[in-house]
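Colleague: Structure for the following, please:
(2 chains)
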Number of protein chains: 2
Amino acid sequence: MSFLQKIIVLRWGHRVQRDARLTTHVALAARALGASGFILSDISDEGIEASLEKVTKSWGGDFSFEMGQSWKTAITDWREKGGIVVHLTAYGENIQTSNVLGRIRQRGKDILLLVGSQKVPGEFFSEEVSNYNVSIGNQPHSECAALAIFLDRFFDGKELAKKFKKAETKIVPQKRGKKTVVNHGFSRET
Amino acid sequence: MSFLQKIIVLRWGHRVQRDARLTTHVALAARALGASGFILSDISDEGIEASLEKVTKSWGGDFSFEMGQSWKTAITDWREKGGIVVHLTAYGENIQTSNVLGRIRQRGKDILLLVGSQKVPGEFFSEEVSNYNVSIGNQPHSECAALAIFLDRFFDGKELAKKFKKAETKIVPQKRGKKTVVNHGFSRET
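Modeller: So this is what the prediction gives:
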């Protein structure tokens, strides 16, 4: 698969104990839904890194994982390299009722997708940080759900048919039951 | 808004401590993305119930919340009333590469959307429980992300433009910053 614009997800506001499962879900959703990588900003969490490495090893594909750098550094670096920043927030332009998705696509640039939590710094909304503030509906819900819908719409659903290279395990979709194929050529030892 | 087929989300496998935030996100996503209600099966969690009540009171709309009943009872009741059950699972028919969504729509029935966690009972895949097993891609990711994409596709995105009645607080979407309107006619006291 080659998608023209690459997306990296930056997760801000993670708290090691309280958000462990939620942030893991955000990262796994990013990987499964066509993003190229994940940055856990301003904090490190080896548990989440290990979960992602394990999934990528078994289920294939290339997915980068970084953590610990400050969000400011990550965003400054990204923009200096010519990328744009899209901030997902319930307060932004509604992806359904506005033309914001089309405008983002038209830029043709790689995207850093900024995913916060309840209370993000006000700077996130500024031109210096985010090129676009996008809402997935204007109700409070979940950064994991918002991310999923953004990626599904951005990639036009094609991400759900994506082949993950060098997968050790693959699911064969079924009407009933569970079917997997294990490729021993890519065992964890090799 | 009136959607022809009503969807209620049934969340199975919740663990009170570990899954508190994740299940809250699943329930909030269900509410924000067009579902009519939520059942937390086989367990009670007053914290989640309180979070949902608070959000619905402030942000409007009708959203039912039930908890504690067994998944078997909930499913038997639902099917006896003529509803169908859709089980979201990474092993099911791929929503992107199969025609499963069209087949579900064609039934024209109300849907109980069964959202599990990592290890669901094998029975969930059987005809007695689920009319359809649907995967949102065939990679492991997140029930919250899977639910979001299912609802967005099922409701054709219209759920993101939905008006929530009797809202005390509303967001006015903006390119920059945060704008809300508070309707004091629906204050918490009235």
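
Colleague: From the chain's centroid, how far away is the strand ranked longest in chain A?
Modeller: Assignment by DSSP state E gives strand A:84-94 as the longest strand of chain A. Relative to its chain's centre, strand A:84-94 lies at 14 Å (CA atoms, centre = their mean, to the nearest Å).

Colleague: do the same with stretch A:168-175
Modeller: 23 Å.

Colleague: The longest strand of chain A - contacts with which helices or strands?
Modeller: helix A:71-80, helix A:100-107, strand A:111-115, strand A:132-135, helix A:143-154 (3 or more CB pairs under 8 Å, 6 or more residues apart in numbering or on different chains; DSSP states H and E). The way it works is simple: take the backbone N, C-alpha and C, and place the C-beta from them, glycine included.

Colleague: run the last query once more with 10 Å
Modeller: strand A:7-11, helix A:71-80, helix A:100-107, strand A:111-115, strand A:132-135, helix A:143-154, strand B:169-171 (3 or more CB pairs under 10 Å, 6 or more residues apart in numbering or on different chains; DSSP states H and E).

Colleague: would you turn these into CSV with distance to residue B:22?
Modeller: Shown next, in CSV, are these (distance: least, CB to CB, whole Å):
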stretch, distance to residue B:22
strand A:7-11, 15
helix A:71-80, 23
helix A:100-107, 27
strand A:111-115, 15
strand A:132-135, 22
helix A:143-154, 8
strand B:169-171, 24
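
Colleague: These: which one's closest to residue B:161?
Modeller: Distance to residue B:161, taken as CB to CB, is lowest for strand A:132-135 among the helices and strands packed on strand A:84-94, at 11.2 Å.

Colleague: what are the pairing partners of that closest one, and which direction each?
Modeller: strand A:84-94 (parallel) (DSSP bridges).

Colleague: Show me the residue at the heart of chain A, geometrically.
Modeller: Nearest to the geometric centre of chain A sits residue A:30, at 3.2 Å (CA atoms, centre = their mean).

Colleague: Return the residues in contact with the residue nearest to that residue when sequence neighbours are not counted.
Modeller: Nearest residue to residue A:30 in three dimensions, chain neighbours excluded: residue A:9, at 4.2 Å (CB to CB, 6 or more residues apart in numbering or on different chains). By CB atoms under 10 Å, 6 or more residues apart in numbering or on different chains, the contact set of residue A:9 is A:26-27, A:29-31, A:33, A:35-40, A:88, A:111-115, A:143, A:147, A:150-151.

Colleague: Kindly tell me how buried the nearest residue to residue A:151 once chain neighbours are set aside is, as a neighbour count.
Modeller: Excluding its sequence neighbours, the residue lying closest to residue A:151 (CB to CB, 6+ apart) is residue A:33, at 4.0 Å. As a burial measure, residue A:33 scores 29 neighbours (other CB atoms under 10 Å in any protein chain shown).

Colleague: Please name the residues that touch residue A:33.
Modeller: A:7, A:9, A:147-152, A:154-155, A:157, A:159-160, A:162, B:136-137, B:139, B:141-142, B:145-146, B:149.

Colleague: how close does the closest residue to residue A:86 other than its chain neighbours get to residue A:95?
Modeller: Closest residue to residue A:86 apart from its sequence neighbours, by CB to CB, 6+ apart: residue A:132 at 4.8 Å. Taking CB to CB, to the nearest Å as the measure, residue A:132 falls 10 Å from residue A:95.

Colleague: and what of residue A:65?
Modeller: 26 Å.

Colleague: Equivalent analysis for residue A:110, please.
Modeller: Residue A:110 is 19 Å from residue A:95, by CB to CB.

Colleague: These two - which one has more neighbours?
Modeller: Comparing residue A:110 with residue A:95 by other CB under 10 Å, the one with more neighbours is residue A:95, at 24 against 16.

Colleague: Next up, the contacts around the residue of chain A positioned farthest from its centre.
Modeller: When distances to the mean C-alpha position of chain A are computed (CA atoms, centre = their mean), the maximum falls on residue A:176, with 29.8 Å. Residue A:176 sits next to B:91, B:92, B:93, B:125, B:126, B:127, B:130, B:132, B:133 when contact means CB under 10 Å, 6+ apart.

Colleague: cool, residue A:76 as well?
Modeller: A:70, A:128, A:129.

Colleague: same check, this time on residue A:175
Modeller: B:91, B:92, B:93, B:98, B:100, B:125, B:127, B:130, B:132, B:133, B:134.

Colleague: residues in contact with the last one?
Modeller: With contacts taken as CB under 10 Å, 6+ apart, residue B:134 has the following neighbours: A:173, A:175, B:86-89, B:91-95, B:98, B:100-101, B:103-104, B:113-114, B:146, B:150, B:154.

Colleague: Output stretch A:8-19 as PDB - backbone C-alpha positions only.
Modeller: Provided in PDB are the C-alpha atoms of stretch A:8-19 (Å, rounded to 0.1, in the frame of the first residue of the first chain):
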ATOM      1  CA  ILE A   8       2.100  10.100  12.300                       C
ATOM      2  CA  VAL A   9       0.000  10.300  15.400                       C
ATOM      3  CA  LEU A  10       1.200  12.400  18.300                       C
ATOM      4  CA  ARG A  11      -0.400  11.600  21.600                       C
ATOM      5  CA  TRP A  12      -0.300  14.300  24.300                       C
ATOM      6  CA  GLY A  13      -1.300  14.200  27.900                       C
ATOM      7  CA  HIS A  14      -0.700  10.500  28.700                       C
ATOM      8  CA  ARG A  15      -0.600   9.500  32.400                       C
ATOM      9  CA  VAL A  16       1.300   6.300  33.000                       C
ATOM     10  CA  GLN A  17      -1.100   4.600  35.400                       C
ATOM     11  CA  ARG A  18      -4.500   5.900  34.500                       C
ATOM     12  CA  ASP A  19      -4.200   6.000  30.700                       C
END
